[in-house]
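Novice: Predicted model follows, preceded by the sequence.
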Amino acid sequence: MEDAAEARDEESIHYTLSESFKPDPDINLDDTVGMIRATRTQIISRSSILNDPERPPGHSMAWDEWERHTRRSLAYFERRLSALTEALDRAFPSAPKA
C-alpha cells in the first residue's frame, strides 16, 4: 500500500515539475504551498523518533523495523519537498516562500 501511495504521489509531483517549465504552468500556487508546508511538518514529525536515546538501534526488532520505515519515508518526503520547492520557485519566482 505504501508503494502504491508513493507511486501516485510521484506521478503528481512529476506533473507539477513538468508544468513548472512551461510559460503558463498549470500549478495551483496555494495547493503547492500547502503541500510544501505539510511535507515540512511530516519531516519534522517523523524525524523526531530517530534520535530517541531510550530506543537506540537494536532496542528491539520491532523498533528497528519502525526506524527503517521511518528513514525510508523521510527520504521520500525530502525528495518531495525538494521537487515541490523547485517547481514553486520556477513557476512563481516572485511568490512568497512557503
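Specialist: Nice, I can see it.
Novice: CA only for contacts and neighbour counts going forward, please
Specialist: Will do.
Novice: Poorly predicted segments of the chain, please.
Specialist: Scanning the chain for pLDDT under 70 picks out 1-2, 5.
Novice: what's the residue closest to the geometric middle of it?
Specialist: For the chain, the residue sitting closest to the mean C-alpha position, by CA atoms, centre = their mean, is Phe77 at 2.5 Å.
Novice: Next, work out how far apart it and Pro25 are.
Specialist: Distance, Phe77 to Pro25, using CA to CA, to the nearest Å: 23 Å.
Novice: same thing with Met61?
Specialist: The gap separating Met61 from Pro25 is 47 Å, by CA to CA.
Novice: neighbour-wise, which of the two wins?
Specialist: Using other CA atoms under 10 Å as the criterion, Met61 and Pro25 rank with Pro25 on top: 16 against 10.
Novice: and that one, what does it touch?
Specialist: Glu19, Ala91 (CA atoms under 8 Å, 6 or more residues apart in numbering).
Novice: now with 10 Å?
Specialist: If a contact means CA atoms under 10 Å, 6 or more residues apart in numbering, then Pro25 has Thr16, Leu17, Ser18, Glu19, Ala87, Arg90, Ala91, Phe92 as its contacts.
Novice: Okay then, goodbye and thanks.
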